[in-house]
Each structure stands twice: as C-alpha cells, then as structure tokens.
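In: okay, here's the prediction I keep looking at, along with the sequence it came from:
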Amino acid sequence: MLESCQNAQERWGGVHLLIDRWLQERNQLVQAYVAINGSAASPSADALQQFCEILVDYVSAGHFEVYEQLTSEAKAFGDERGLELAKQIYPRIDAITEVALAFNDRCDTGDCNDSASLLDDVKHLGQLLHERFELEDCLIEVLHNAHQEQAVPSA
C-alpha cells in the first residue's frame, strides 16, 4: 500500500497543489495504518485515535475538495468520458467511505478498544483503503492528466 502511495506522488506530484497536499495526507494515512496494523497485539488507543483523525481528514478532503475539483475540471473541458468514469467510480468510493466513517465512529465511542475483532476490522479497512487509492488514482489519471494534455497548446 505504501509503495502505491509513493508511486502516485511520483506520477502526480507538483501537478496541482490540492492533489499534492491530498497525496501527502494519503501517505500519512498509510503510515498511521501501518502503525496500528504492525503487530499481533491490539493497537494503542493513541495510535487508533491518530489513525482515525487522519482517516476522516483524508476521506473528507477527497469528497469535499479533490473530487469536486476534478469533476469541475472535467466539466470545464467537456470531458464526457471522464465524467462517466467518475459516475461509475464514485459509488464504490462512497461505500468505502461509509465503512471508514463507521470504523471511526466505533472508535470514537470506545468500541474499538473492547472489540475482539479489531485486528480483522483493521485488516479489512486496509484492503478497502487500498482499493480506494487505486480508484482515486484512476480518477486523477483520467480526469486531471487528460485535461493537462488538452491545456497544453499545440504547435
């Protein structure tokens, strides 16, 4: 997961400040995930809290900043193919967001600390986050990079 995060930053780093900041936050999320998933023992309450804070920030930035920006850019360039792709991908991203927010809510109420299935839940969430990162990378690739090519004047 960390490697795919670094690959995304290498591909799109510097392309757009918003995306750069978001990809840096993704890297922080992955590092926080590794910290709570790194041992056979249950993660500490502090590590869980830090992970959850970054998780909520990351998914919120995606929904309320990055996706909105990418969609606006696609509309500005009349990119029907990109907008159609977004319509297909967003529902899955939304479903993963719901799982992430439910995990956060459980931890906020203290249910994570007592849960016998916490490690399984963390592992499952990690798999979903990996899937989400791939979907997001696809959106950036299609929506942003295609428009960057269109914006460059031809000689």
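Out: Now that the structure is in, tell me what you want to look at. Numbers count the residues shown, from 1 in each chain.

In: shaky segments in this structure?
Out: 1-15, 39-40, 113-116, 144-155 (pLDDT under 70).

In: for the longest helix anywhere in it, which positions count as buried?
Out: Criterion DSSP state H: the longest helix present in the chain is helix 80-108. By neighbour count with 16 or more other C-beta atoms under 10 Å, helix 80-108 contains the buried residues 82-83, 85-86, 89-90, 93, 96-97, 100, 103-104, 106-107. All C-beta atoms are positioned from the backbone trio N, CA, C, and that covers glycine.

In: swap in stretch 106-124?
Out: For stretch 106-124, the neighbour count (16+ other C-beta under 10 Å) marks 106-107, 112, 118-119, 121-122 as buried.

In: mind listing which of those residues are in helices?
Out: Those of the buried residues of stretch 106-124 lying in helices (DSSP H): 106-107, 112, 118-119, 121-122.

In: can I get those in JSON lines with distance to Ala45?
Out: Below are these laid out as JSON lines (distance: C-beta to C-beta, whole Å):
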{"residue": "Arg106", "distance to Ala45": "13"}
{"residue": "Cys107", "distance to Ala45": "9"}
{"residue": "Cys112", "distance to Ala45": "8"}
{"residue": "Leu118", "distance to Ala45": "11"}
{"residue": "Leu119", "distance to Ala45": "15"}
{"residue": "Asp121", "distance to Ala45": "15"}
{"residue": "Val122", "distance to Ala45": "14"}
